[in-house]
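[1] quick one, what's the 3D model for this:
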Amino acid sequence: MLVVDSSLPKGIAFVETKNLDGETNLKHKQVEKTLLRLAKTSENASLTVFNGSVIDCEGPNEHLYKFEGNFKTTDGAVIPIEPD
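    Residues are numbered from 1 along each chain as shown. Have a look, this model is predicted:
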């Protein structure tokens, strides 16, 4: 799952991961700043700004706290994606 926007300040989101790691507390995640800026500046306040973008990332694996990937926008910008 990639969080691209949030109604909370600074793009904060809380995610339940108990099905993955057994922990019942909510994990705090933050939208990557460039993605948040793209979502907030969308002219029609929808996520159509992301149409045509590509997420390039590693396949499923057993590493819950390690992730490598990139979000590639239609204008050629590459935004690194991290687990947080």
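
[2] what about this structure, any weak spots by pLDDT?
    Judged by pLDDT under 70, the chain has its weakly predicted residues at 42-49.

[3] packing partners of the helix ranked longest in it?
    Taking DSSP state H as the criterion, the chain has its longest helix at helix 33-40. Packing contacts for helix 33-40, counted by 3 or more C-beta pairs under 8 Å, 6 or more residues apart in numbering; DSSP states H and E, involve no helix or strand. Bear in mind the C-beta positions are built from the backbone N, C-alpha and C, glycine included.

[4] list the contacts of that helix.
    Contacts to helix 33-40, defined as C-beta atoms under 8 Å, 6 or more residues apart in numbering, come from residues 4-6, 10-11, 31, 47, 49-50, 71, 73, 77, 79.

[5] residue 12 is in contact with residue 26, correct?
    No: under the criterion of C-beta atoms under 8 Å, residue 26 makes no contact with residue 12, lying 10.9 Å away.

[6] hmm, back to that, redo the contacts of helix 33-40 as JSON lines? Include distance to residue 20.
    JSON lines is the format used below for the contacts of helix 33-40 (distance: C-beta to C-beta, whole Å):
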{"residue": "4", "distance to residue 20": "20"}
{"residue": "5", "distance to residue 20": "22"}
{"residue": "6", "distance to residue 20": "20"}
{"residue": "10", "distance to residue 20": "24"}
{"residue": "11", "distance to residue 20": "22"}
{"residue": "31", "distance to residue 20": "20"}
{"residue": "47", "distance to residue 20": "25"}
{"residue": "49", "distance to residue 20": "29"}
{"residue": "50", "distance to residue 20": "25"}
{"residue": "71", "distance to residue 20": "22"}
{"residue": "73", "distance to residue 20": "28"}
{"residue": "77", "distance to residue 20": "30"}
{"residue": "79", "distance to residue 20": "24"}
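
[7] filter those residues to the buried ones?
    Buried by 16 or more other C-beta atoms under 10 Å: 4, 5, 6, 11, 31, 49, 50, 71, 73, 79, out of those.

[8] which residues does the fifth one contact?
    It refers to residue 31. When contacts are counted by C-beta under 8 Å, 6+ apart, residue 31 is found next to 3, 4, 5, 6, 11, 12, 13, 39.
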